[in-house]
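Participant: Model the structure of this input:
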Amino acid sequence: MTASTVQSPPEQLLRVVVASATDEGGRTGNEDALLVQPLAAVGQGEGASDSGYLAIVADGMGGYQRGEVASQMAIDVIRDMFEADPGADAATLLKQAFRRANEKIYESGMGASPSAMMGTTLIVAATRGKYATIANIGDSRAYLARANRLTQVTKDHSFVAEQVAVGAMTEREARESPHRNILTHALGHRPKLDSKIPNIFELTLLPEDRLLLCTDGFHDVVPDNDLLNVLLTSEPDQATRRLIQLAKERGTTDNVTAVVFEALPAREPVVFAQRDARGVPPVIGLAAAAILILIILAVVLLIVI
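Facilitator: Down below sits the predicted model:
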């Protein structure tokens, strides 16, 4: 019998680390709003949900201080609905929450002139274990860094994004267009949201994945390769601060907010000695057999002598 070691099957359990930061960037005030908080595990046995995080980023717009009000309203509605029904399906809950936030913001801004109506973009990520559900409206984005590649998960609801989608404009032309800040969908601009809004994306996170949520203050000044480099070479807390500093150095004219998730293996595979049919490790079995042989040889030698 020979000794051997085996590894237990990989369980793909993850430990998620998250960090966030926001800054006025190129403006004198900050109309972005930000919330990151834990989600407790829900239930037991089949159908139970792992613990995770709720991350919300809103980029407000409107007249004096009204963008700040709209973005905070959106944050409050999403947070309250998750707290009221922690066991709900995340995708369904997010669709309902976006609609409720839209109605509240719209009703609060009805008395203002069209030019002063308040509104906000909104992007939310709810993670539980290795699963992430993302919802968005407007042009705040989610990116996934995986296997040294950066993928934009969300789609912008903007005039230039629609032009790029139909081939009427290139990505470079979109970044340089004077119309790049025109949104086709945002919270608070219409009494009801389009039936396809918000967009919902569901991901299964893998070890070493990084997930970035950010406002559009990064889009025009920080290219994808720089975003990827920062995400791959920095811990989440450092990454958020480096991204904001980079946007400011590149001359962003907007507020900048970033949330970075990093998925790490929860534990290393367990290495153990394979046991024989009697439950005895092979090394012990071999040692016992060797001792027995030595005893037999000693007895034989005594008889011969």
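
Participant: Give the burial count for the closest residue to residue 39 other than its chain neighbours, as a bare number.
Facilitator: Leaving aside its chain neighbours, residue 39 sits nearest to residue 52 (4.5 Å; criterion: C-beta to C-beta, 6 or more residues apart in numbering). Glycine gets a C-beta too; all of them are placed from N, C-alpha and C. Residue 52 is flanked by 24 other residues according to other C-beta atoms under 10 Å.

Participant: In this structure residue 52 contacts residue 15, no?
Facilitator: No. Between residue 52 and residue 15 there is no contact under C-beta atoms under 8 Å: 11.2 Å.

Participant: So the residue nearest to residue 152 when sequence neighbours are not counted, which state does it fall into?
Facilitator: In space, and not counting its chain neighbours, residue 152 is closest to residue 143: 5.6 Å by C-beta to C-beta, 6+ apart. Counting by DSSP: H, G, I helix; E, B strand; the rest coil, the backbone at residue 143 sits in strand.

Participant: swap in residue 92?
Facilitator: Classified using three-state DSSP, residue 92 is helix.

Participant: Next one, pLDDT for it please.
Facilitator: pLDDT recorded at residue 92 is 97.

Participant: how close does it sit to residue 73?
Facilitator: 21 Å (C-beta to C-beta, to the nearest Å).

Participant: These two - which one has more neighbours?
Facilitator: Using other C-beta under 10 Å, the more surrounded residue of residue 92 and residue 73 is residue 73, with 23 against 12.

Participant: Tell me which residues touch the residue lying closest to that one once chain neighbours are set aside, please.
Facilitator: In space, residue 73 comes closest to residue 105 once its chain neighbours are excluded; the distance is 5.3 Å by C-beta to C-beta, 6+ apart. Counting by C-beta atoms under 8 Å, 6 or more residues apart in numbering, residue 105 touches 70, 73, 74, 118, 119, 120, 187, 188.

Participant: From residue 128, how far out is the second one?
Facilitator: Between residue 73 and residue 128 the distance is 25 Å, computed by C-beta to C-beta.

Participant: for residue 146, same thing?
Facilitator: Counting by C-beta to C-beta, the gap from residue 146 to residue 128 is 19 Å.

Participant: Equivalent analysis for residue 257, please.
Facilitator: From residue 257 to residue 128 the distance is 23 Å (C-beta to C-beta).

Participant: Pick out whichever of these two has more residues nearby.
Facilitator: The neighbour comparison of residue 257 against residue 128 (other C-beta under 10 Å) goes to residue 257, with 29 against 19.

Participant: quick one: secondary structure of that one?
Facilitator: Put simply, residue 257 is strand when judged by three-state DSSP.

Participant: can I assume it is in contact with residue 60?
Facilitator: No. Applying C-beta under 8 Å as the test, residue 257 and residue 60 come out as separate, 10.9 Å apart.

Participant: what do these two both touch?
Facilitator: residue 32.

Participant: Which stretches in the stretch 101-250 of the chain count as helices?
Facilitator: Per DSSP state H, counting those that start in this stretch, the stretch 101-250 of the chain carries helices over the ranges 159-165, 171-176, 224-233, 236-249.

Participant: Where among these is average confidence lowest?
Facilitator: Across those, helix 171-176 has the smallest mean pLDDT, namely a mean of 82.

Participant: State the phi and psi torsions of the closest residue in space to residue 184 that isn't next to it in sequence.
Facilitator: Nearest residue to residue 184, sequence neighbours excluded (C-beta to C-beta, 6+ apart): residue 157, at 4.9 Å. Note on residue 157: its backbone torsions stand at phi -100, psi 80 [degrees, to the nearest 10].

Participant: From what I see, residue 157 and residue 141 are in contact.
Facilitator: No. Here residue 157 lies out of contact with residue 141, judged by C-beta under 8 Å, at a distance of 10.9 Å.

Participant: overlap in contacts of those two?
Facilitator: Taking C-beta under 8 Å, 6+ apart as the contact rule, residue 157 and residue 141 touch no residue in common.

Participant: For stretch 168-188, buried residues please.
Facilitator: By 16 or more other C-beta atoms under 10 Å, the buried positions in stretch 168-188 come out as 169, 174, 177, 180, 181, 183, 184, 185, 186, 187, 188.
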